[in-house]
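Participant: kindly generate the corresponding structure for this input.
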Amino acid sequence: MAAASGVSRATVSFVLNDDPRQTISAATRDRVRQAARDLGYVPHGVARALREGSSRVVVLDLDRGLEGNYSRSYVRGLDDELAAHGYVLLVRHGRHSAEATQQVLDAITPRAVIRFAEPYLTGHDLEDRGGGWKDGLAAHAALQIRHLTEHGHRRIALALPEEDSPLAGARRRFAEQTLHGLGLPPLVPFTVPRPRSAGTAAVAALRAAYPDVTAVAAFDDDLALRTLTALHDLGLAAPGDLAVIGYDDTEYGELSTPALTTVHIDAEAHGRLAARTALGLDTAGLVPVPAQIIVRDSV
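Facilitator: Just a heads-up that it's a prediction; the model follows:
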């Protein structure tokens, strides 16, 4: 590459590494970069990692059971923001553990390892929204429950997935706290399993055991849609027989009959915030849109 561009190897190194300590003319820089393109040069990640003390890779540790529309949008925002600053995102799926994290550190020396939405999942609020509301999981869970109570529902069930996860446990806890704070009867948690027949049986069992339940808050839109399907199979419908509200606003919610009322969360902005935080960049210009209820026909 030095021979092709007519400069020293040191100059090539300074240009390709964009060394700010060197004064190199624009013409020389252009010549070196053109030679690099002509020769198909690709920077060596390991060598760069040794120089900088870390690679230009950021790892996202995404636990099993946390996949969904929120995580997809979060990853999209995280990936876009990292790419804008010259970093690559690597997603590790599987249960979080210190050993797994150490294996990643030993293998690729990443710039950072992010545990998926950790502040969000632990209930640590991300952004103050005023009026006592904050943009974290506790506030989003409360927003969902409060929408039902504002429509007159007092006995509420929470539709949960079969697989246990930290997120499911946190959602249940925050929903229970919201109802307790409002002085309403305890939450009724139940699972909506696959296949369709099992989900229908679960909703039938809920109605038989708790005839006073008038609304279901679902863990996500997928479970909400399965609840609506179960009602259809039982000859019932929302909201007349049982109100149903989703969570995370997937594209399929507006296609159901009735169209699904749900909670929309600005997950992409949460991902961008995580990226900037991991890179040590200013986050002042990133303000997520507060979570909001998408009002449709199921409540």
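Participant: center of this protein - which residue?
Facilitator: Centroid check for the chain by CA atoms, centre = their mean gives residue 71 as the closest residue, at 2.8 Å.
Participant: could you check how far that residue is from residue 167?
Facilitator: Separation of residue 71 from residue 167 (CB to CB, to the nearest Å) stands at 9 Å. No exception for glycine: its C-beta is placed from N, CA and C like everyone else's.
Participant: buried residues, stretch 159-167. List them.
Facilitator: 159, 160, 161, 165, 167 (16 or more other CB atoms under 10 Å).
Participant: format these as TSV; extra columns: distance to residue 279 and secondary structure.
Facilitator: Output for the buried residues of stretch 159-167, formatted as TSV (distance: CB to CB, whole Å; DSSP: H, G, I helix; E, B strand; the rest coil):
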residue	distance to residue 279	secondary structure
159	38	strand
160	35	strand
161	33	coil
165	28	coil
167	25	helix
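Participant: so which of these is the closest to residue 27?
Facilitator: Nearest to residue 27 among the buried residues of stretch 159-167, counting by CB to CB, is residue 167 at 55.1 Å.
Participant: so the closest one touches residue 66, yeah?
Facilitator: Yes. Between residue 167 and residue 66 there is a contact under CB atoms under 8 Å: 5.6 Å.
Participant: residue 180: what's it in contact with?
Facilitator: residue 186 (CB atoms under 8 Å, 6 or more residues apart in numbering).
Participant: how far out from the middle of the chain is the helix or strand where it lies?
Facilitator: According to DSSP states H and E, residue 180 maps onto helix 166-181. Mean-position distance between helix 166-181 and its chain equals 18 Å (CA atoms, centre = their mean, to the nearest Å).
Participant: flag every buried residue along it.
Facilitator: 167, 168, 170, 171, 172, 174, 175, 176, 177, 178, 179.
Participant: sorry, back to before: next secondary structure element downstream of the helix or strand where the residue nearest to the centre of the chain lies?
Facilitator: Using DSSP H and E, residue 71 sits within helix 69-84. Scanning forward in sequence from helix 69-84 by DSSP H and E, the next helix or strand is strand 88-93.
Participant: by contact count, what packs against that next one?
Facilitator: strand 57-62, helix 69-84, helix 98-108 (3 or more CB pairs under 8 Å, 6 or more residues apart in numbering; DSSP states H and E).
Participant: in CSV, list those along with mean pLDDT.
Facilitator: Listed next are these as CSV, based on pLDDT from 0 to 100:
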stretch, mean pLDDT
strand 57-62, 88
helix 69-84, 93
helix 98-108, 78
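Participant: which one of the ones you listed lies closest to residue 136?
Facilitator: helix 69-84 (12.4 Å).
Participant: pull that closest one out as PDB, backbone CA atoms only.
Facilitator: What follows is helix 69-84, C-alpha atoms only, in PDB (Å, rounded to 0.1, in the frame of the first residue of the first chain):
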ATOM      1  CA  ASN A  69     -41.200  -6.000  19.900                       C
ATOM      2  CA  TYR A  70     -39.500  -3.900  22.600                       C
ATOM      3  CA  SER A  71     -36.300  -5.800  22.300                       C
ATOM      4  CA  ARG A  72     -36.300  -5.600  18.500                       C
ATOM      5  CA  SER A  73     -36.900  -1.900  18.500                       C
ATOM      6  CA  TYR A  74     -34.200  -1.400  21.200                       C
ATOM      7  CA  VAL A  75     -31.700  -3.400  19.200                       C
ATOM      8  CA  ARG A  76     -32.500  -1.400  16.100                       C
ATOM      9  CA  GLY A  77     -31.800   1.900  18.000                       C
ATOM     10  CA  LEU A  78     -28.700   0.500  19.600                       C
ATOM     11  CA  ASP A  79     -27.300  -0.800  16.300                       C
ATOM     12  CA  ASP A  80     -28.000   2.500  14.400                       C
ATOM     13  CA  GLU A  81     -26.400   4.600  17.100                       C
ATOM     14  CA  LEU A  82     -23.300   2.400  17.300                       C
ATOM     15  CA  ALA A  83     -22.900   2.400  13.600                       C
ATOM     16  CA  ALA A  84     -23.100   6.100  13.400                       C
END
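Participant: alright, calling it a day.
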